[in-house]
Every structure is written in structure tokens, then in C-alpha cells.
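J.: predicted model, plus sequence, below.
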Amino acid sequence: MNKFAFSLLISFSLFFVSCSQEKEISFERFNLVSPGVVRTPDERFENLADYDFKANYLMINGLRIHYLDEGPRDGEVIYLLHGEPVWSYLFRKMIPILTDAGYRVIAPDMVGFGKSDKYISVDDYSHQMHVDTMTKLIQKLDLNEITAHVHDWGGLVGLRVVAEEPDRFSRIIASNTGLIATGRGFLNDIRGFVLPVLFKLAIWYQGPATWEEFIGGDGFTGWIRYSRYTDNIDVGGLMQVLGSVSDSERLGYEAPYPNATYKAGAQIFPYLIPSEVRKNEQAFRNVFEKWEKPFLIANSDNDPVTGNNPGITESLKRIPSAKEIVIKGPGHFIQEEAGPEYAQLIIDFINGEAKGFSVEKKVVSKDDIL
């Protein structure tokens, strides 16, 4: 065998040996903290205007969950739970008002949002996973006498958390949200089985919606079709459509998502809406139909979600103590358009003096978000 052939044989041998060996994955290179889980780099959150709160973390089911814990440790607890596609940044205009009034504010980021860890695959997200994680956070922090504020998808998750630990909560304020359930009766029980299947079939049949179709239409399914099928949900654009945020505020909402890999949680969340209507119904029957503690429905009059779907609000009126007020002016994200006023509403609610208020509606041109 000549030298060339020998060298070629050695080279092929080394190549096949190297291919057969498992290479160690560089988790840090891709911001992976474990297989299938990413963590947004801290530098993405630097210099966010009005968001200079201390980060706090808990490990829950192998994931690092972020939460804000502001105000006096012995203060009465106000629990702020965000929805879709936002994170605790949503409450930055409210927290100083609440803490200055002596309250302790807890505002977590759900899995897949904000500074919390994020699954890469949409298949790892479920309604029940979010409920379990947020319930465990309250248990680990041993929070009691809580005033819960839930909004948007935070209502679908947060109200179920309350149903898991009702004795820990003193009162609830729900804005532009609900808990989708079928109601009592044999036929409604049947609907509880078939509704999730029919919903998914309808979304599949209608297919994807483009960004232009979503913002140009008025159908709630358009939002779900867009988010479910897009490969890179436009979080900042959505906040300008529904939250009338400025360009700098838009960057704050985009901070958790360096690229589409981080957006699986935001992408799949709307699609999970009807997945647990039977469990939601049990929450009503076992807890909320017996709820005598204060419960406030505080919707804005320009919200396209509850405005176009009045049944969302009507379902909450199954709660015996439910009272309703209207906030005039803001769209879906009241916390953005009327943060300080809304914080004062929560304080007034705690003091038994809640009433509606009015602010001027902020407007963002569609040309700015196309």
C-alpha cells in the first residue's frame, strides 16, 4: 500500500469515527438551558424605559420562572397576571402607584413569556401547564389574602389558579377577559366535549390568516388563525394594534424574543382557548358559583375582544358577587393607555369604592403598523 492510499484510509477512518461519536451540544451558544428550552439573554432587557424592577426567580418543574416582587414584604398582596402576548412589562405604569400606597405587588411571567424560560416547541404548551405553574408559584411564595387582577389570557389561566387555591384570595378584578365554559345542563355538558374539536376543525378549515387580514378584519378567529399558523408572530405590531404603544414601548414588548425560536408560547396561546372548557365549567360549579367575596368586572368600552364577544362577560355574571363597571376610552390593553388610573381603580376596589372612569383613546395609524 502506497503512502497516499494509507493516508486516505486513515482519513476515512477518522471521519467515520468522528461521525459515530455523539457531539456535546453547546447549550450556551444557542441560549439553551436544557433540551427544548431557551432563555432570553439578560442584555435584551437592559435599558427598558420605566422597567427597572428587580428580577426574582423560582425553579418550577425544571423551568426558571421570573416574577416581580415590589413593595413592602408585609403589605397586602396584589397579584397581577398578564395575558397574550405580553409580560410583566405591561404593569410598569401601575406598580409604582400600588407600591406607594403600601401594597406588595407580585407580577409573574408565564412560561414562554418575558424573562421566564421558553419551550421551543408549541407542543410543550398547554392551558393546564400554565395553570399548574402559576399555582405552584403562589404556593411556593406562600401568598395569602391576595387581590388578584387578571387580564386577557391571564383570566383564562388566573381564574383557574384561583379555583385551585380559593382560600388564598380575598377578591378578584377581571378586565377584558373571562373563563370560557358551557354552562349547566345536559346539552351543555355534551357541548363541553365537542366544542374543542369543532373549534380546531374550524381553524383548520379556514386556514392561515395573513397579518393584513388579521388587522383589517373584526373576527376573533382571524387573530387565532394568524397566531397559530404564522412562523414569526409580530408581537410589537400586535401591541401597536391593540395597545396603541409607542415605538420605544414596542421594543419593550419585543425584548423577550430575539427571534422566532422564542415565540412558541405566544404563538400557540390563543389556540389553547377552548381546550379546557370542561375544567373551566367545573371551576364555576365548584368555586365561582359559590364565590361571595368581591369580584369586579372592569372592561374597557373600546375592547374588540369583549366588545365583539359579549358572552365572555356574561359568563362571569354567574358569580354571585360579580359587579360590573366600564372604563371609557382605552382599547384592549387598559394598563398601557390608563396605567395610573387603572392602578387607582384597583386600590379603590380594595377599599370598596370602585367606579368607572374615562380617559382619552390613544390612536395609532394602521400605516404605522403595516
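T.: Structure's in. What do you need?
J.: how about low-confidence regions in the stretch 251-370 of the chain?
T.: Low-confidence segments of the stretch 251-370 of the chain (pLDDT under 70): 362-370.
J.: now do the strands in it.
T.: For the stretch 251-370 of the chain, applying DSSP state E, counting those that start in this stretch gives strands covering 295-300, 322-327.
J.: okay, these in a markdown table with mean neighbour count and distance to residue 192 next?
T.: The C-beta positions use only the backbone N, C-alpha and C, and glycine is treated the same way. Rendered in a markdown table, the data for these read as follows (neighbours: other Cβ atoms under 10 Å; distance: least, Cβ to Cβ, whole Å):
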| stretch | mean neighbour count | distance to residue 192 |
| --- | --- | --- |
| strand 295-300 | 24 | 23 |
| strand 322-327 | 16 | 22 |
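J.: now the element after whichever helix in the chain runs longest, going C-ward?
T.: For the chain, the longest helix by residue count, based on DSSP state H, is helix 186-206. On the C-terminal side of helix 186-206, the nearest following helix or strand under DSSP states H and E is helix 211-216.
J.: would you mind writing the CA trace of whichever helix or strand comes after that following helix as PDB?
T.: Heading C-terminal from helix 211-216, the first helix or strand you meet, by DSSP H and E, is helix 220-229. These are the backbone C-alpha positions of helix 220-229, laid out as PDB (Å, rounded to 0.1, in the frame of the first residue of the first chain):
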ATOM      1  CA  PHE A 220     -61.700  36.800  16.700                       C
ATOM      2  CA  THR A 221     -60.900  33.700  14.700                       C
ATOM      3  CA  GLY A 222     -58.700  35.800  12.400                       C
ATOM      4  CA  TRP A 223     -56.400  36.500  15.400                       C
ATOM      5  CA  ILE A 224     -56.200  32.800  16.300                       C
ATOM      6  CA  ARG A 225     -55.600  31.800  12.600                       C
ATOM      7  CA  TYR A 226     -52.900  34.300  12.300                       C
ATOM      8  CA  SER A 227     -51.100  33.400  15.500                       C
ATOM      9  CA  ARG A 228     -51.500  29.600  15.100                       C
ATOM     10  CA  TYR A 229     -50.100  29.400  11.600                       C
END
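J.: same for helix 220-229, what does it pack against?
T.: Secondary structure elements in contact with helix 220-229, counted by 3 or more Cβ pairs under 8 Å, 6 or more residues apart in numbering; DSSP states H and E, are helix 186-206, helix 211-216, helix 264-268.
J.: re the thing from before, nearest to residue 312, out of the strands of the stretch 251-370 of the chain?
T.: Between residue 312 and these, the shortest gap by Cβ to Cβ is with strand 295-300, which sits at 8.9 Å.
J.: that closest one: partners in the sheet, and parallel or antiparallel?
T.: strand 169-175 (parallel), strand 322-327 (parallel) (DSSP bridges).
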